[in-house]
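Novice: sequence and predicted structure are below.
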Amino acid sequence: QLVESGGGLVQPGGSLRLSCAASGFALNYNAVGWFRQAPGKEREGVSCIGAGDSTFWYADSVKGRFTISRDHGKHRVYLQMNNLQPEDTAVYYCATESRGLPAAQAIEVMSAYDHWGQGTQVTVSS
């Protein structure tokens with residue numbers, strides 16, 4: 001089970017850091033992806049860190065603003081989100097894939113998952 005945290009209400013231009021932690025297993029060697037779903041829209045991939053931390057993927061809409069990272073000591077994956085805009089408002093979810101895939105392949109695999117956690121709400125509004 002994955003647990004997302006760190007969401008909240010922020011003004012446009014602000015920042016948030018989301019955290020993804022696993023319960024019962026270690027994330028350290030898995031690819032981990034962040035997804036989001038805004039009201040009335042399909043879930044979309046936002047970012048992914050590949051197995052081994054050597055590959056990364058970002059959606060075009062967040063490139064240059066969001067950064068994904070992993071803390072092996074804390075067994076967590078973070079999504080640092082800067083210069084947030086109203087269109088970033090969504091519920092954010094994390095997912096993991098354990099076959100050792102690079103980020104670009106892992107995000108495709110995880111996009112087809114049927115089961116998701118509760119996510120964390122990010123609201124960008126003035």
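Specialist: Yep, that arrived. Residues are numbered from 1 along each chain as shown.

Novice: the nearest residue to Asn82 once chain neighbours are set aside: how many residues sit nearby?
Specialist: Leaving aside its sequence neighbours, Asn82 sits nearest to Ser15 (CB to CB, 6 or more residues apart in numbering; 4.7 Å). The way it works is simple: take the backbone N, C-alpha and C, and place the C-beta from them, glycine included. For Ser15, the count of nearby residues is 11 (other CB atoms under 10 Å).

Novice: hang on, Ser15 packs against Asp88?
Specialist: No - if you go by CB atoms under 8 Å, Ser15 and Asp88 don't touch, sitting 10.9 Å apart.

Novice: need the overlap of contacts for those two.
Specialist: Met81 (CB atoms under 8 Å, 6 or more residues apart in numbering).

Novice: which residues touch stretch 70-79?
Specialist: Residues contacting stretch 70-79 (CB under 8 Å, 6+ apart): 6, 17-22, 26-28, 32, 34, 46-47, 49, 53, 66-69, 92, 94.

Novice: please flag which of these sit within helices.
Specialist: Among the contacts of stretch 70-79, DSSP state H puts none in helices.

Novice: which of the residues you listed count as buried?
Specialist: Buried members of the contacts of stretch 70-79, counted by 16 or more other CB atoms under 10 Å: 6, 18-22, 27-28, 32, 34, 46-47, 49, 53, 66-68, 92, 94.
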